[in-house]
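Novice: Got a sequence here, can you build the structure:
(one chain, ligands or ions: 2)
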Amino acid sequence: MTSVREIKGIGEKTQKLLLKLHIESVEDLVHHYPRCYTTYPDPVLVSEVRTGVRCSICCQVASPPVLRAVRRLKLITCLAADQSGQIFLRWFNMPYLKNTLKQGERFIFTGTPVFKDGRIMLEQPEINSPEKYEKLTETFQPVYPLTAGLSNKTLQKAIAAAFDLYYAREFLPEQIRDYYDLWDENRALKEVHFPSGTDNLMEAKKRIIFDEFFRFFSALELVKERENQALNHYVIEMDESISSFLDSLPYELTGAQKRTLKDIRNDLSGTMAMNRLVQGDVGSGKTVVAMAAMLAAVKAGYQAALMAPTEVLARQHYETFTAMLGKEGVRVGLLTGSGKASEKKEIRKKLETGELDLIVGTHALIQENVTYKNLALVVTDEQHRFGVKQRDALFNKGREPHVLIMSATPIPRTLGIILYRDLDVSIMDEMPASRLPIKNCVVKQSARMTAWNFIKKEVEAGHQAFVICPMIEENETMDVENVTQYTGMLARNLPPEISVESLNGRMSADQKNDIMDRFAAGEIKVLVSTTVVEVGIDVPNATVMLIENAERFGLAQLHQLRGRVGRGKAQSYCIFISGSDQEEALERLSVVGRSNDGFYIAGEDLKLRGPGEFFGTKQSGTMNFALGDIYSNADILKAASEAVDHLRGTGFNFLEVGQYSLDESLNFARNL
Ligand code: ADP
Ligand code: MG
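Specialist: Ligands and ions are numbered 1, 2, ... in the order given. So this is what the prediction gives:
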């Protein structure tokens, strides 16, 4: 790795700023891609100029430029005019412009007009000759993710200089490059930073995105090689051991649950260790399936572990498991990061001696100081929150246990097949029949009072409600609803006997647990929260989900949030309040408004974003690729997957595929 300090013009100060963007080396720098691109717009008439809208005007200099000193600033002003009118132009600390801006000469001025001193003016506009501008309109200007103190220009210069010190070694075989018509990586990188036109930029992005996906699949290839060798060290027969448990359930399993259980049964008694993903929409009943598998493991004399991404969720599972499996004689424990050291030590001891059969917890389950007597099955709930290192830690506790991964991330089926190629997949695409579909509505902020009244009515009918605000405290934009303030406001608008409390990610685990416990017990009626309740929480008595600033969330996330209601027998409701009146925002929200099907929503999300996103900002929060988007670049995803298939068994070394370590690539893989 070559340090950025090797680049001419980068000193200690810039180095520090770059570090804030996680850029340390020349390699990092050339892989710091533009967030999006701006284009030079076609010039408009002065009479058409509007404040706040970036534009270009083609004008003659109508008055000789005047240079003045205002405090410490050197201010230069002049008038510019076209056939439709005149406009004021102003620059700071560029006194040399006095000679450039000759009266009567024609320039294109580009900038964002502001309203100051009673008139519209352009401050600091860019100046170009008409000939030069003509060329510029054909180009894209990269806009980089920045940090305070670092300008786009500085970064651009640094990247240009970095290319003198960087050369990417080609890792793709020529036949693959030819077949998929892929550019050379070096050329692609340069084009992405310094685009020469739409078509070329498309080609360049294609190569870089292909590489990202290819590396991802190469990493999966390595996992597969390794995990394929895992033999079944814990043969578990599932049928009899769990039949009484299944019979005791207050409901009949859905067809999808039965099919999934059958898949698991075959795995557990097969020759290879299980490595299965259960993909089922929120509320499809994944927990009971996992529970049955874990019970079978315990009845066969082994231990089983369930890892949850948050402490709140772990506790919830612990309570469910204790209530449902205690009577089967299963000894259930809970291990999370919080709690007394002495208690945790006690639990760890019991895991080692085998006094506990089943353990529920967070990543505390896989810390070095935890030893299991005979762990045969590991279930991870909402695994996309777990890194691969954490997962691997479990393998090292002994011989590889069976692994069951439960996920509610709605990835369209065609993509799922490609992305989860290292796992066997069971899809639970059926909701329990007893469930009433959630009723949805998308409204503007003006309907908030009506929504609050609705909550009041539901609570008075004995139910509970969730309210989700996107962020805590006014650390970002002013219009973001503030959980704490919001809670106060809502409480004042509801009768005093209705208890309203708030939950946020900055609270201590104990505080969160306490609030969740009281909400689950029905003591708290309305819970205002950030997205910490997003995964897994099951409070069947909650019938209303109100989401503020819904336009700020991804559709998939909204769907997850909504999944917190509609879990009991009563009719549930989800109200999406849009903080924006824009048609686009409302249209996007209408997708979750009209459907409760996660797969449909994921598909519509894809259509809405479409290939237009190719040049824009990547929106999706669930994918960790720098440029690639598994939805809008689905074709490239498929190509990269095929390429890996093609190279398998040819002696191609998947380990030497690029700048990412195996661990990093795997984290990509697991974060989907
Ligand atoms: P998820 O798949 O989102 O994890 P859960 O496992 O938490 O869903 O199940 C949601 C709710 O549905 C729970 O209250 C559970 O008891 C209930 N449930 C699960 N399976 C069935 C079924 N076959 N019929 C009726 N209710 C069910
Ligand atoms: Mg769940």
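
Novice: Near ligand 1, which residues of the stretch 201-350 of the chain are found?
Specialist: 251, 253-254, 257, 280, 282-288 (Cβ under 6 Å from any ligand atom). C-beta coordinates here come from the backbone N, C-alpha and C atoms, glycine included.

Novice: cool, and the stretch 51-200 of the chain?
Specialist: Counting by Cβ under 6 Å from any ligand atom, no residue of the stretch 51-200 of the chain is near ligand 1.

Novice: Going by residue numbers, what spans are helices in the stretch 51-200 of the chain?
Specialist: 97-100, 130-136, 152-162, 174-179, 185-193, 198-228 (DSSP state H, counting those that start in this stretch).

Novice: Output the contacting helices and strands for the fifth one.
Specialist: With contacts defined as 3 or more Cβ pairs under 8 Å, 6 or more residues apart in numbering; DSSP states H and E, the packing partners of helix 185-193 are helix 152-162, helix 198-228.

Novice: most tightly surrounded among the ones you listed?
Specialist: helix 198-228 (a mean of 20; mean count of other Cβ atoms under 10 Å).

Novice: average model confidence for that helix?
Specialist: The average pLDDT for helix 198-228 rounds to 83.

Novice: Show me what secondary structure element comes after it.
Specialist: Sequence order places helix 239-248 as the next helix or strand after helix 198-228, per DSSP states H and E.

Novice: Okay, buried residues for that following helix please.
Specialist: For helix 239-248, a neighbour-count test (16 or more other Cβ atoms under 10 Å) marks 241-242, 245 as buried.

Novice: on contacts alone, who are the packing partners of whatever helix or strand comes next after that helix?
Specialist: Per DSSP H and E, the first helix or strand lying C-terminal to helix 239-248 is helix 255-268. The helices and strands touching helix 255-268, judged by 3+ Cβ pairs under 8 Å, 6+ apart, are strand 275-280, helix 286-299, strand 402-407, strand 424-428.

Novice: would you list the ones you listed in JSON lines and tack on mean pLDDT, mean neighbour count and distance to residue 544?
Specialist: Formatted as JSON lines, these follow (pLDDT from 0 to 100; neighbours: other Cβ atoms under 10 Å; distance: least, Cβ to Cβ, whole Å):
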{"stretch": "strand 275-280", "mean pLDDT": "88", "mean neighbour count": "23", "distance to residue 544": "24"}
{"stretch": "helix 286-299", "mean pLDDT": "96", "mean neighbour count": "24", "distance to residue 544": "23"}
{"stretch": "strand 402-407", "mean pLDDT": "88", "mean neighbour count": "25", "distance to residue 544": "26"}
{"stretch": "strand 424-428", "mean pLDDT": "88", "mean neighbour count": "19", "distance to residue 544": "26"}
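
Novice: Which of these sits closest to residue 371?
Specialist: Smallest distance to residue 371 across the helices and strands packed on helix 255-268 (Cβ to Cβ): 17.6 Å, for helix 286-299.

Novice: could you redo the helices and strands packed on helix 185-193 as a markdown table and give each row distance to residue 360?
Specialist: Putting these into a markdown table (distance: least, Cβ to Cβ, whole Å) gives the following:
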| stretch | distance to residue 360 |
| --- | --- |
| helix 152-162 | 47 |
| helix 198-228 | 24 |
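
Novice: Just checking: what are the partner strands of the longest strand seen in the chain?
Specialist: When the chain is parsed with DSSP state E, its longest strand is strand 73-82. Strand 73-82 sits in its sheet next to strand 55-61 (antiparallel), strand 66-70 (antiparallel), strand 85-92 (antiparallel), going by DSSP bridges.

Novice: Stretch 530-549 near ligand 1 at all?
Specialist: Yes - counting by Cβ under 6 Å from any ligand atom, ligand 1 has neighbours in stretch 530-549: 538, 540.

Novice: model confidence over that stretch, on average?
Specialist: Mean predicted confidence for stretch 530-549 is 80.

Novice: Check stretch 344-362 too.
Specialist: Averaging pLDDT along stretch 344-362 yields 95.

Novice: Over to stretch 490-507?
Specialist: In the prediction, stretch 490-507 has an average pLDDT of 89.

Novice: and what of stretch 23-30?
Specialist: Averaging pLDDT residue by residue across stretch 23-30 gives 91.

Novice: Figure out how far it is from the centre of its chain.
Specialist: Here stretch 23-30 is found 24 Å from its chain centre; the criterion is Cα atoms, centre = their mean, to the nearest Å.

Novice: List the buried residues in it.
Specialist: 23-30.

Novice: Tabulate those residues (a markdown table), appending distance to residue 110 and secondary structure.
Specialist: Shown next, in a markdown table, are the buried residues of stretch 23-30 (distance: Cβ to Cβ, whole Å; DSSP: H, G, I helix; E, B strand; the rest coil):
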| residue | distance to residue 110 | secondary structure |
| --- | --- | --- |
| 23 | 29 | coil |
| 24 | 34 | coil |
| 25 | 34 | strand |
| 26 | 32 | helix |
| 27 | 33 | helix |
| 28 | 31 | helix |
| 29 | 27 | helix |
| 30 | 28 | helix |
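
Novice: Let's have those in a markdown table, adding distance to ligand 1.
Specialist: Below are the buried residues of stretch 23-30 laid out as a markdown table (distance: Cβ to the nearest ligand atom, whole Å):
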| residue | distance to ligand 1 |
| --- | --- |
| 23 | 40 |
| 24 | 41 |
| 25 | 43 |
| 26 | 46 |
| 27 | 41 |
| 28 | 39 |
| 29 | 43 |
| 30 | 43 |
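
Novice: tell me, how many neighbours does residue 650 end up with?
Specialist: 8 (other Cβ atoms under 10 Å).
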